[in-house]
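Novice: 3D model of this:
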Amino acid sequence: MSRQRNLHPMQTRSRKFEEVPLDEKSEKVVIDGVRNDGKVIENHIDAPSDSDSDMLDDDGKPDLTGDRHNIALLLFLYILQGIPLGLAGSVPMLLQSRHVSYKQQAIFSFVFWPFSVKLAWAPIVDAIYSKRMGRRKTWMVPAQYLIGIFMLFLSTKVDDLMGGGQDSSPPDVKLLAVFFFILNFLAATQDIAVDGWALTMLSRRNVGWASTCNSVGQTAGYFLGYVLFLALESADFCNRYLRSEPQAEGIMTLAGFLYFWGIVFLITTTIVWVFKRERGPRPHEVHEQRGVLSTYRHLWDVVRLPTVKAFALILITHKMGFAAADAVTGLKLIERGVHRENLALLAIPLTPIQILLPLVISRYTAGPRPMDTFLKAMPFRLIMGVELATMVWLTPYMKNDDGTFPVYYYAMIVVSYSLHQVTLYSMFVATMAFHAQISDPVIGGTYMTLLNTLSNLGGNWPATVALWLVDNLTWSGCDGAEGLRCGGTDLDKACEAAGGTCVTWLDGYYIESAACLIIGFIWLKFMAKTVRELQNKELSAWSAS
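Specialist: Below is the predicted model of the structure:
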């Protein structure tokens, strides 16, 4: 029996490619084989100049000839994209230290929604462009310039918005949310352009590396904007590890960090604009590029497909069981006394894991059934939510008399989050691999944007709801002052002013954790069959063209 060659991890589906001879002036067309019954469907996918039928070189390693610099550029662009996301993730930690309510945290959580609704303007980005500048650079370059300019502007206002001004006013959470919403709106626009550029920047045989650049680059960028910033912003961390003489503030402020990265965005965007050229469209791409209205109509046809409707329901609902663990756990640890910079620094040992996990997991998501990994990982991720809630409950009992925590406590947190990341990335990489398989190349990056948008929306709305409900579900009272209650910044201050003490009988976080566990397993019981059926569909079932 002949042995088949091992597939490269980034190869998203087992396919047979066959060259079809055309006239002398035509480029060759790839015929895409369907896995179920061996029928051959012509997708008219253009082949690069080098052979796409061989994804490995003679030594069995990935053949990255001609794509190494492109992969490096994509990685860099996704790192830039992760910076504003990391900064937006660090602000709730700063706000929690200023004792804002969980409803205010829920308001700020809307800053992450542009990535969940970017489908609304994705067809415009995909269809309208300057031929002279390039289809993707038309949007990517202005978006990154605006991010840089906006960061410079925000650096002059953010101290007052955070409540650190001379009048010591409370944080203006609503205005902060507006500013960071705009920043992430620009980052989401850049994401649309870069996702679309990845499909044409890389040769067809290496296009699977785009998702790896996405996950690794965003993780690295998020690390810089979240972990590095919170560490440098902390006076305690800087005085302990980076200074010989203690000072009242950290090495870097939020305003200074915004200013620095604003300059970086402006400089690097100029370099990419000047020195990186987009290739001209191939003949079939000129025919396939659509106008705005045509793209919206075609996208509407895609949304109406039965397979897409069913998969959209899965993407929007499958993260309900993780809402409490993902959105509230970190804030509760800070509330229990863990310093925000220490919590952020725990991401340092996690970052190599987050970078390597997509590469390792992709070996199991390659091939025709990536969603099997998704389904296998989901119950373990649900159980990890209970484990994280247990860690929050144990935290006050592990605190030292001086307010610090022993080393073994942080080791337990690292182990818990590491296991959680394994389950999270198993589901994420599996989903991204499935998206790459089923996306119709006719509408460029818009199809991928549709699927990624639904996936992001499925994570953001449960997180916002979970944050909003924490205070309402918490059973607490004001001990020592009759007629007063607790549950929010203003109520807590009124209780303390009256000489009372806020006492929590049952934290709403634990109620949410239990509810999420039940909801998650109910979802898995009733939706797993649908997931398996969808991944068995032929590619034609996902195309409206």
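Novice: all helices of the stretch 201-350 of the chain, in order?
Specialist: 209-223, 229-233, 235-241, 254-275, 283-288, 292-303, 306-317, 323-327, 329-335, 340-345, 347-365 (DSSP state H, counting those that start in this stretch).
Novice: what is the orientation angle of whichever helix or strand comes after the last one with helix 306-317?
Specialist: Right, helix 347-365. The helix or strand immediately downstream of helix 347-365 is helix 371-398, counting by DSSP states H and E. In terms of direction (axes from the mean of the first three to the mean of the last three CA atoms, to 10 degrees), helix 371-398 departs from helix 306-317 by 10 degrees.
Novice: buried ones in helix 371-398?
Specialist: Residues of helix 371-398 classed as buried: 371-375, 377-378, 381-385, 388-389, 391-392, 395 (neighbour count, 16 or more other CB atoms under 10 Å). All C-beta atoms are positioned from the backbone trio N, CA, C, and that covers glycine.
Novice: still on that earlier bit, so which of the helices of the stretch 201-350 of the chain is nearest Asp492?
Specialist: Closest of these to Asp492 is helix 329-335, at 11.8 Å (criterion: CB to CB).
Novice: pLDDT on the closest one, on average?
Specialist: Helix 329-335 shows a mean pLDDT of 93.
Novice: ok, residues contacting it?
Specialist: Helix 329-335 is contacted from outside by 92-93, 96-97, 102, 105, 340, 343, 388-389, 391-392, 395, 413, 507, 509, using CB atoms under 8 Å, 6 or more residues apart in numbering.
Novice: can you give the distance of that helix from its chain's centre?
Specialist: Mean C-alpha position of helix 329-335 versus that of the full chain (CA atoms, centre = their mean, to the nearest Å) differs by 21 Å.
Novice: restricting to C-alpha, output it in CSV.
Specialist: Only the C-alpha atoms of helix 329-335 are listed here, as CSV (Å, rounded to 0.1, in the frame of the first residue of the first chain):
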residue,chain,number,x,y,z
THR,A,329,-12.7,36.8,36.0
GLY,A,330,-9.7,39.2,35.6
LEU,A,331,-11.7,42.1,37.1
LYS,A,332,-12.7,39.9,40.1
LEU,A,333,-9.1,39.0,40.8
ILE,A,334,-8.2,42.7,40.9
GLU,A,335,-11.2,43.3,43.2
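Novice: buried ones in it?
Specialist: 329-335.
Novice: so which of the residues you listed comes closest to Thr269?
Specialist: Thr269 has its nearest neighbour among those in Gly330, at 31.8 Å by CB to CB.
Novice: does His99 fall in a helix, a strand, or a coil region?
Specialist: Under DSSP: H, G, I helix; E, B strand; the rest coil, the three-state class of His99 is coil.
Novice: pLDDT below threshold where in the stretch 151-300 of the chain?
Specialist: 164-168, 280-291 (pLDDT under 70).
Novice: hmm, try it at 50
Specialist: Within the stretch 151-300 of the chain, the ranges that satisfy pLDDT under 50 run 287.
Novice: doesn't Thr504 fall inside a strand?
Specialist: Yes - assessed with three-state DSSP, Thr504 lies in a strand.
Novice: specify the beta-bridge partners of it.
Specialist: Note on Thr504: beta-bridge partners Ser476, judged by DSSP bridges.
Novice: check contacts around it.
Specialist: 474-476, 486.
Novice: please apply the same query to Phe260.
Specialist: Shown in contact with Phe260 (CB under 8 Å, 6+ apart): Met252.
Novice: dump the buried residues of helix 329-335 to a markdown table, plus distance to Thr351.
Specialist: Shown next, in a markdown table, are the buried residues of helix 329-335 (distance: CB to CB, whole Å):
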| residue | distance to Thr351 |
| --- | --- |
| Thr329 | 18 |
| Gly330 | 16 |
| Leu331 | 21 |
| Lys332 | 22 |
| Leu333 | 19 |
| Ile334 | 20 |
| Glu335 | 25 |
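Novice: between those, which is closest to Phe275?
Specialist: Closest approach between the buried residues of helix 329-335 and Phe275, by CB to CB: Gly330, at 39.9 Å.
Novice: ok, that closest one to Pro123 distance?
Specialist: 36 Å (CB to CB, to the nearest Å).
Novice: ok, now Leu491?
Specialist: Distance of Leu491 to Pro123, computed by CB to CB: 46 Å.
Novice: number of nearby residues for Ile192?
Specialist: 29 (other CB atoms under 10 Å).
Novice: ugh, wrong one, I meant Cys478
Specialist: For Cys478, the count of nearby residues is 22 (other CB under 10 Å).
Novice: what residues sit buried inside the biggest helix by length in the chain?
Specialist: Secondary structure of the chain per DSSP state H: the longest helix is helix 407-438. Neighbour-count burial for helix 407-438 flags 409-410, 412-414, 416-417, 419-438 (criterion: 16+ other CB under 10 Å).
Novice: continuing past it, what's the next helix or strand?
Specialist: Following helix 407-438 toward the C-terminus (DSSP H and E): helix 445-473.
Novice: show the average pLDDT along the longest helix of the chain.
Specialist: Here the average pLDDT along helix 407-438 is 90.
Novice: residues touching Leu230, list them.
Specialist: Contact analysis of Leu230 by CB under 8 Å, 6+ apart lists 90, 93, 340-341, 344-345.
Novice: cutoff 6 Å now
Specialist: 90, 340-341, 344 (CB atoms under 6 Å, 6 or more residues apart in numbering).
Novice: pull the most distant pair out of these.
Specialist: Farthest pair in the contacts of Leu230, by CB to CB: Ser90 and Glu341, 10.1 Å.
Novice: quick check: the nearest residue in space to Leu524 that is not next to it in sequence vs Ser426, distance?
Specialist: Among residues not flanking Leu524 along the chain, Met378 sits closest, at 5.7 Å (CB to CB, 6 or more residues apart in numbering). Using CB to CB, Met378 is found at 9 Å from Ser426.
Novice: what do you get for Arg277?
Specialist: Separation of Arg277 from Ser426 (CB to CB) stands at 38 Å.
Novice: then Tyr129?
Specialist: 37 Å.
Novice: Asn456 too?
Specialist: For Asn456 relative to Ser426 (CB to CB), the value is 18 Å.
Novice: Leu154 now?
Specialist: For Leu154, the distance to Ser426 (CB to CB) stands at 36 Å.
Novice: with Glu387 instead?
Specialist: Taking CB to CB, one finds Glu387 at 16 Å from Ser426.
Novice: now do Trp261
Specialist: Per CB to CB, Trp261 is found 31 Å from Ser426.
Novice: please apply the same query to Asp191.
Specialist: From Asp191 to Ser426 the distance is 23 Å (CB to CB).
Novice: do the same with Glu512
Specialist: Glu512 is 23 Å from Ser426, by CB to CB.
Novice: for Thr138, same thing?
Specialist: 36 Å.
Novice: and if you look at Gly256?
Specialist: 38 Å.
Novice: one more: Ile147?
Specialist: Per CB to CB, Ile147 is found 31 Å from Ser426.
Novice: ok, now Trp121?
Specialist: Distance from Trp121 to Ser426, counting by CB to CB: 31 Å.
Novice: since we're on Leu506, how many residues are nearby?
Specialist: Leu506 has 11 neighbouring residues, counting by other CB under 10 Å.
Novice: kindly report the same for Ser90.
Specialist: Considering only other CB under 10 Å, Ser90 is surrounded by 22 other residues.
Novice: what residues are up against it?
Specialist: 226, 229-230.
Novice: now do the strand or helix carrying it and helix 445-473, the angle between them.
Specialist: Taking DSSP H and E as the criterion, Ser90 maps to helix 68-97. On the basis of the same axes, to 10 degrees, helix 68-97 is oriented at 20 degrees to helix 445-473.
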